[in-house]
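[1] Structure, please.
(one chain, ligands or ions: 1)
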Amino acid sequence: MNHFHYVKDELYAEDVPVLKIAQEVNTPVYVYSHATLTRHVIAYQDAFKDIPHIICYALKANSNGAIINLFSKMGCGADIVSGGELFRAIKWGIKPKNIVYAGVGKTPEEIEYALKKNILMFNVESPEELIQIDEIAGKMGKTAPVALRINPDIDPQTHPYISTGLKKHKFGIAIEDGIKYYRMARDLRHVRIVGVHKHIGSQLTKVEPFVDALKRILLLVDDLHKEGIHIRFIDIGGGVGITYNDEEPPHPKDLAKRVIPLLKDRNITLILEPGRSIVGNAGILITKVLYLKKGVDKQFVIVDAGMNDLIRPSIYGAYHKIQPVIKKDGSHKIVADIVGPICESGDFFAKDREIQGVKSGDYIAIMSAGAYGFSMSSNYNSRPRPAEVMVKGNEYAIIRKREGLKDLIRGEMIPKFL
Ligand SMILES: *Cc1c(COP(=O)(O)O)cnc(C)c1O
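    Numbers count the residues shown, from 1 in each chain. Predicted coordinates:
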C-alpha cells in the first residue's frame with residue numbers, strides 16, 4: 001500500500017502532482033510519501049504491540065536525514081552497520097539506547113565511537129571482533145553490551161546477493177558454534193551478554209524462513225539459559241519483502257502472528273530491523289525521457305537517470321515498475337529497454353518492457369525506489385546525485401539538494417609535486 005496514485009490521468013504523490021515536482025525541482029528526483037512511510041512504521045508497531053519490542057529501522061535502506069528524523073519522532077531505533085550510520089542516526093534524533101550495530105568489519109575507531117555513545121548492543125559477527133570489543137571497552141573503562149549474530153543456516157529463498165543466513169555466507173557465527181562463543185563472551189571481562197541476533201536476508205516473501213530461523217535461535221537461547229547465560233533481547237533482523245511486481249510478501253501482522261506465540265512467555269524484548277519494507281514502496285524515482293533510439297532489433301528509451309542513481313536493476317536484475325507521469329488516452333504501446341546515459345551496458349532500468357509510447361520530454365516514474373535507491377547511489381560518470389523530496393498531504397519539501405558540479409570535486413587536491 002502506498003500513496004502514489006492517478007487522479008484522472010496524472011500521477012500524484014499524496015495530493016501533489018508529480019509533474020509539478022519534476023518541473024519545479026528538475027529530474028532525476030526521488031519523491032517519498034510521508035503518509036506511506038508513517039503507515040509502514042505504524043503497521044509494525046501495531047502488529048507487535050502485545051509484546052515488548054523495538055523497531056530498529058535499518059538505516060542502510062535509506063539514510064536521508066528527514067526520513068530518519070521522522071522515524072525517530074515515531075519512537076524508532078536504528079540498525080546501523082557503520083560509524084557513518086551511527087553519526088547519522090544520532091544526528092537526526094535516534095536515541096543511542098535504541099541503536100543496534102551489525103557488520104562483519106567494525107573498525108577499532110567505530111567500536112570506540114559506539115561505546116562512547118552507549119548504544120543498545122553490538123551485534124558481533126566473529127570471535128575476533130568479540131575480543132577486539134572487549135579490549136577497547138577495557139581500555140575505556142566500559143563494559144560493552146553484546147549479542148552474537150547467529151547464522152541459523154536457513155535458506156531465505158531470495159536473490160543470492162541479498163541472502164545472508166547460510167553457512168557459506170560471511171555473516172554471523174555458525175549456530176553450532178553459538179554455545180562455544182557465548183561461553184567465550186561470558187568469560188571476557190569487558191563485555192556483557194544482552195542478546196542474540198540473526199538476519200537471514202532481504203526481500204523475503206515467505207514467513208517460514210523467519211519462523212524456522214527463530215525456532216533454531218530459541219533452542220540456542222534455551223541452551224544458554226541452562227548455562228546461566230540470560231538473553232534479554234532477541235533481534236530477528238529485517239528482510240520482509242515488498243511488492244515490486246507481483247510478489248505477495250507477508251504483512252507485519254502475518255509475521256507477528258507466527259513470532260509472538262514463540263516469544264510470549266519469555267522475558268525478552270524483541271528487536272526488529274526492517275528497512276526495505278518500510279521505505280521501499282514509499283519512494284519513486286522520477287526521470288525525463290531524453291531520446292528514443294531505434295536499434296537494429298531493439299528500441300531504447302534513454303532517460304536522464306542512470307545506474308548511478310538507482311543501481312538495483314544493474315546489480316540484482318531487479319524489477320521496478322515503470323509508469324507514465326501523465327497517462328495518454330489511447331496512446332500506442334511500445335516495447336523497449338529503458339536505459340540511462342552511463343557508459344555501461346548494465347545501465348538499464350527495464351528490458352523489453354511494454355510501456356506507454358513516450359517522446360522526448362515526457363516524464364516517467366520508476367516505482368518502489370525508496371529502499372536501496374539513493375542510499376546506493378554514486379557519482380559514477382561524474383554525475384551529480386539527484387535531489388530528494390518528501391511529500392506530505394498537499395505540500396512537498398526538498399530533503400536533499402541536488403548535487404552541483406562543485407560537489408563532484410569536494411575534497412580533491414592537487415599535490416605539490418605536480
Ligand atoms: C540490511 C539489513 C537489514 C534490513 O534489511 P531489509 O531487507 O531492508 O529489511 C536488517 N538488518 C541487518 C543486519 C541488515 O544488514
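[2] now the helices: where do they sit in the protein?
    Applying DSSP state H to the chain gives helices spanning 18-25, 34-47, 65-73, 83-91, 108-117, 127-139, 178-187, 208-226, 252-263, 276-279, 312-316, 405-408.
[3] between the fourth one and helix 65-73, how big is the angle?
    Which is helix 83-91. In terms of direction (axes from the mean of the first three to the mean of the last three Cα atoms, to 10 degrees), helix 83-91 departs from helix 65-73 by 60 degrees.
[4] to the chain's geometric centre, what's the distance from helix 83-91?
    If you compare the mean C-alpha spot of helix 83-91 with that of the full chain, they lie 15 Å apart, counting by Cα atoms, centre = their mean, to the nearest Å.
[5] which parts of this structure sit against the ligand?
    By Cβ under 6 Å from any ligand atom, the part of the chain that sits against the ligand consists of 58, 60-61, 79, 81, 102, 199, 202, 237-239, 273-277, 371. No exception for glycine: its C-beta is placed from N, CA and C like everyone else's.
[6] So which of those residues sit within strands?
    The members of the residues of the chain next to the ligand that map onto strands under DSSP state E are 58, 79.
[7] Filter the residues of the chain next to the ligand down to the buried ones and express that as a ChimeraX selection.
    Entered in ChimeraX, the line below selects the buried ones among the residues of the chain next to the ligand, by 16 or more other Cβ atoms under 10 Å:
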select :58,60,61,79,81,102,199,202,237,238,239,273,274,275,276,277,371
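[8] mind showing which ranges of this structure have poor pLDDT?
    1 (pLDDT under 70).
[9] quick check: domain ranges of it?
    With domains defined by automatic domain parsing, the chain comprises 4-32+280-408, 95-274.
[10] Tabulate these (TSV), appending distance to Leu70.
    Listed next are the domains of the chain as TSV, based on distance: least, Cβ to Cβ, whole Å:
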stretch	distance to Leu70
domain 4-32+280-408	8
domain 95-274	14
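[11] Deepest-packed of the helices of the chain, please.
    Among the helices of the chain, ranked by average contacts under mean count of other Cβ atoms under 10 Å, first place goes to helix 276-279 (a mean of 29).
[12] Now do the same contact list for Ile94.
    With contact taken as Cβ atoms under 8 Å, 6 or more residues apart in numbering, Ile94 is in contact with 68, 71-72, 76-78.
[13] Could you work out the most separated pair of those?
    The distance between the two most remote of the contacts of Ile94 (Cβ to Cβ) is 10.9 Å, for Ile68 and Gly77.
[14] Overlap of the contact sets of the two?
    Joint contacts of Ile68 and Gly77 (Cβ under 8 Å, 6+ apart) are 57, 94.
[15] Using CSV, lay out the helices of the chain together with distance to Ala336.
    Listed next are those as CSV, based on distance: least, Cβ to Cβ, whole Å:
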stretch, distance to Ala336
helix 18-25, 20
helix 34-47, 29
helix 65-73, 32
helix 83-91, 38
helix 108-117, 45
helix 127-139, 48
helix 178-187, 51
helix 208-226, 36
helix 252-263, 37
helix 276-279, 27
helix 312-316, 14
helix 405-408, 30
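[16] Identify whichever of the ones you listed lies nearest to Tyr244.
    Ranking these by proximity to Tyr244 (Cβ to Cβ) places helix 312-316 first, at 9.0 Å.
[17] quick check: angle from the top strand by length along the chain to helix 34-47?
    Using DSSP E to assign secondary structure, the strand with the most residues in the chain is strand 283-294. Orientation note: strand 283-294 sits at an angle of 130 degrees relative to helix 34-47 (the same axes, to 10 degrees).
[18] can you give me the strands for the stretch 301-418 of the chain?
    Secondary structure of the stretch 301-418 of the chain, counting by DSSP state E, counting those that start in this stretch: strands at 322-324, 333-339, 348-356, 363-366, 387-392, 395-400.
[19] Just put these in a markdown table and tack on distance to His5 and mean neighbour count.
    What follows is the strands of the stretch 301-418 of the chain, written out as a markdown table (distance: least, Cβ to Cβ, whole Å; neighbours: other Cβ atoms under 10 Å):
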| stretch | distance to His5 | mean neighbour count |
| --- | --- | --- |
| strand 322-324 | 10 | 19 |
| strand 333-339 | 21 | 18 |
| strand 348-356 | 17 | 17 |
| strand 363-366 | 11 | 24 |
| strand 387-392 | 12 | 23 |
| strand 395-400 | 16 | 16 |
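[20] need those strands in TSV with distance to Tyr12, can you?
    What follows is these, written out as TSV (distance: least, Cβ to Cβ, whole Å):
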stretch	distance to Tyr12
strand 322-324	12
strand 333-339	22
strand 348-356	17
strand 363-366	11
strand 387-392	9
strand 395-400	11
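[21] With respect to Asp134, which of these lies nearest?
    Of all these, it is strand 395-400 that lies closest to Asp134, at 38.7 Å by Cβ to Cβ.
[22] Quick one: list the elements packing against that closest one.
    Helices and strands touching strand 395-400, as assessed by 3 or more Cβ pairs under 8 Å, 6 or more residues apart in numbering; DSSP states H and E, comprise helix 65-73, strand 387-392.
[23] what about 10 Å?
    helix 18-25, strand 29-33, helix 34-47, helix 65-73, strand 387-392 (3 or more Cβ pairs under 10 Å, 6 or more residues apart in numbering; DSSP states H and E).
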